[in-house]
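Q: Generate a structure from the sequence data that follows.
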Amino acid sequence: MSATHLKQLCEETYTKLKKVSMELERYLNQVTLNSLVAQSGDPEEYESYYRNYLSDLRHLLVYCENAYERLGVSLRRARFNEEFAEEVLYQVYHSCINNFYYPKGEVYDEDGRYAYTNQDSIIFRKKVTPELENLTLSLSKVFEQLRDELQYYETDYITKKRMQKAQA
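A: So this is what the prediction gives:
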């Protein structure tokens, strides 16, 4: 991958992750566990579910903020360091994208078959509030784009690193 293309990919990823972070932070700053449970009815059924959901969102926020800050460092350097940029993009794939699609609390799943039908691929385990549903679905669109753009780093980056170690 050329340095110009890599830098452009870093800039696009930085912008997307910053947007995701701002949306997550805005939502997390205004919502409480009690308000979510109150909107959903049965406290026993929903308290644990929403607790896990909010925990997953907070973790995702931290991963995204760390990633876009590291991308910002990479982009601000006087001399663009390709190796550092590739490492950060690899981390974006494994920390941000994977944590979005495979939340620890298993509050939703992705059904990839829906992506081919222009339907939302996120399947919620329980009915959620409209605001939380809208947030999650809007984030899924961003993470889907990022996943498509960064899929190279899922396998090729590791292969490249292994080859470099073998040659050393």
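Q: burial count for Pro130?
A: 9 (other CB atoms under 10 Å). C-beta: built from backbone N, CA, C; applies to glycine.
Q: Output the contacting helices and strands for whichever strand or helix holds Phe143.
A: Assigned by DSSP states H and E, Phe143 belongs to helix 130-150. Here helix 130-150 touches helix 3-30, helix 98-101, strand 122-124, going by 3 or more CB pairs under 8 Å, 6 or more residues apart in numbering; DSSP states H and E.
Q: go with 6 Å
A: helix 3-30 (3 or more CB pairs under 6 Å, 6 or more residues apart in numbering; DSSP states H and E).
Q: Let's test this: mean pLDDT of the helix it packs on, rounded?
A: Averaging pLDDT along helix 3-30 gives 95.
Q: cool, stretch 57-75 as well?
A: Mean predicted lDDT for stretch 57-75 stands at 96.
Q: Quick one: distance of it to the chain centre.
A: 10 Å (CA atoms, centre = their mean, to the nearest Å).
Q: now the angle from the helix ranked longest in the chain to helix 3-30?
A: Criterion DSSP state H: the longest helix present in the chain is helix 43-76. Going by axes from the mean of the first three to the mean of the last three CA atoms, to 10 degrees, helix 43-76 is angled at 150 degrees with respect to helix 3-30.
Q: Report all helices and strands that helix 43-76 contacts.
A: Helix 43-76 packs on helix 3-30, helix 33-40, helix 82-91, helix 98-101, going by 3+ CB pairs under 6 Å, 6+ apart.
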